Each structure stands twice: as structure tokens, then as C-alpha cells.
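1. model the structure of this input:
(one chain, ligands or ions: 1)
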Amino acid sequence: MLICVPDVLSKSDVAEFRHIMDSAEWEDGRSTAGSQSAMVKRNEQLFPNSETARQLGASVVAALTANPLFISAAIPLRIFPPLFNRYGVGQFFGEHVDNSVRGDQLTGTRIRTDLSATLFLSEPDEYDGGELVIEDHYGAHEIKLPAGHLVLYPSSSLHMVTEIMRGTRVASFFWLQSMIRDAHARSLIFDLDTSIQALVERIGRNDPEVRRLTNVYHNLIRYWAEL
Ligand code: NI
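-> So this is what the prediction gives:
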């Protein structure tokens, strides 16, 4: 399931991120790639352990944890410190799969990558090419979102970033481990939560059936959650 989360960052947040990133130091993106990915990866990224990357990453995580749609869709247990990349003309990231387990060098924390996320920091009209292409059972999906919007997709899927033909594509990307490991179970819970929120809007939280469904929601999480 692909889920777009709009307005994770405001336009002024994005402008501030871009300003800070413009004066930061960048390295070859292959430093964090697995051996298979390294062969097809051509981009740059902020040094993952740099002060700049850590501070911007912490701001991204703070914005995400305050975002009800993100929480509902991901049910995050642990979020890997967000990384930042940029692609110039001629750069791309060929088809690859993300590592199943990632360790953070600074904290030693390891996570199972259940979901991958890309937070777009360039507007779509700033560059040509650079689509994030994600494959699932329904085919290949091309994603290019406005700056400040995020896409969540299963880390188990093959994906790529197409070659940049004009301009620069800047983004933040990260992985997370969900409390709900199984993607199908997570998607059922997300659908249930979305329906409950719609019912709450329409008939209020005090309706006995809304209460009962909310109970089912929490009991499913209780049943499936791994902490
Ligand atoms: Ni990837």
C-alpha cells in the first residue's frame, strides 16, 4: 500500500531546510548503500552523522509524530534518523530493494525496515525526471509530490529514482519499524481507523457503535502489536 501524507512540512519549513542544506557538506550517496544498491546509486547525501543532518532529521521526526495520518498509517515503533539526498542532472538510483535491517552508527539502534518514506523537499516544477517508481502487485507507480509531502511505501518493494533531466531533486528519506509487522494487518487497521475518524466527524465520538468500533481498533492493535 502506498500512502501519501500531505503537508508534513510547511512551505516555510521547506525553505528553511533548503537554506540550511545549501551550505552543508555533501558526500557520495554510495556510503550508505548495500553492495547491490551501490552499483545503481548515483546521487549525493548529507553526511549522515553530521550535526546538520541530525538536527534536520529530528525536525522531520517531530513533524511526523505530530501528524495523525502518518501515525495512523505507519503505527511506528522506531524511526531511523532521516537522511537527506539530492540528485542533479544525469543522476539516478536504479532499481533496488532497501536493506531489511538498518543500524544507526551513533546510537547502535537497529530496526527492521517495514516501511520506507520519501519526504519531497523540491517542488515538482524544479526538476524533470526524478520520479520515485515503486513496484507492487498492481504494477509500477510513479510518485512526484509537492515539497513538504511524504510518501510511505513497503520496504519490501523494488523501487528506483529515474534520471534527472533538468534541475535538482532534494529529499529526505528514512525507514521505520512498525508495531504491526504484517503489511496486510497494518492496512486493515488503517482502513478501520480511517472509517472510525469519518464516523466521528459525522456522528460524534459518543455514539455507542463508534465506541465499540474504537474498542475493536485498540483490541486489534493489542492483538498484533510487537513492541
Ligand atoms: Ni531505496
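2. residues of the longest helix along the chain that come out buried?
-> Ordering each helix of the chain by length in residues (DSSP state H) puts helix 183-203 first. Buried positions in helix 183-203, judged by neighbour count with 16 or more other Cβ atoms under 10 Å: 183, 185-186, 189-190, 192-193, 196, 199. Every residue, glycine included, has its C-beta placed from N, CA and C.
3. then the helix or strand just after that helix to PDB, C-alphas only?
-> Counting by DSSP states H and E, the next helix or strand C-terminal to helix 183-203 is helix 208-224. The C-alpha trace of helix 208-224 is given here as PDB (Å, rounded to 0.1, in the frame of the first residue of the first chain):
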ATOM      1  CA  PRO A 208     -22.200   3.600  21.200                       C
ATOM      2  CA  GLU A 209     -21.200   1.900  17.900                       C
ATOM      3  CA  VAL A 210     -18.300   4.400  17.400                       C
ATOM      4  CA  ARG A 211     -17.200   3.400  20.900                       C
ATOM      5  CA  ARG A 212     -17.500  -0.300  20.000                       C
ATOM      6  CA  LEU A 213     -15.500   0.100  16.800                       C
ATOM      7  CA  THR A 214     -12.900   2.100  18.600                       C
ATOM      8  CA  ASN A 215     -12.600  -0.700  21.100                       C
ATOM      9  CA  VAL A 216     -12.200  -3.200  18.200                       C
ATOM     10  CA  TYR A 217      -9.400  -0.900  16.800                       C
ATOM     11  CA  HIS A 218      -7.500  -0.900  20.000                       C
ATOM     12  CA  ASN A 219      -8.000  -4.600  20.500                       C
ATOM     13  CA  LEU A 220      -6.600  -5.400  17.100                       C
ATOM     14  CA  ILE A 221      -3.500  -3.400  17.900                       C
ATOM     15  CA  ARG A 222      -3.300  -5.200  21.300                       C
ATOM     16  CA  TYR A 223      -3.600  -8.500  19.400                       C
ATOM     17  CA  TRP A 224      -1.000  -7.700  16.700                       C
END
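4. now helix 208-224: how far from the chain's centre is it?
-> 27 Å (Cα atoms, centre = their mean, to the nearest Å).
5. count of residues packed around residue 88?
-> 15 (other Cβ atoms under 10 Å).
6. still on that earlier bit, what angle do the longest helix of the chain and helix 208-224 make?
-> 160 degrees (axes from the mean of the first three to the mean of the last three Cα atoms, to 10 degrees).
7. re the thing from before, widest-spaced pair of the buried residues of helix 183-203?
-> 183 and 199 (24.7 Å; Cβ to Cβ).
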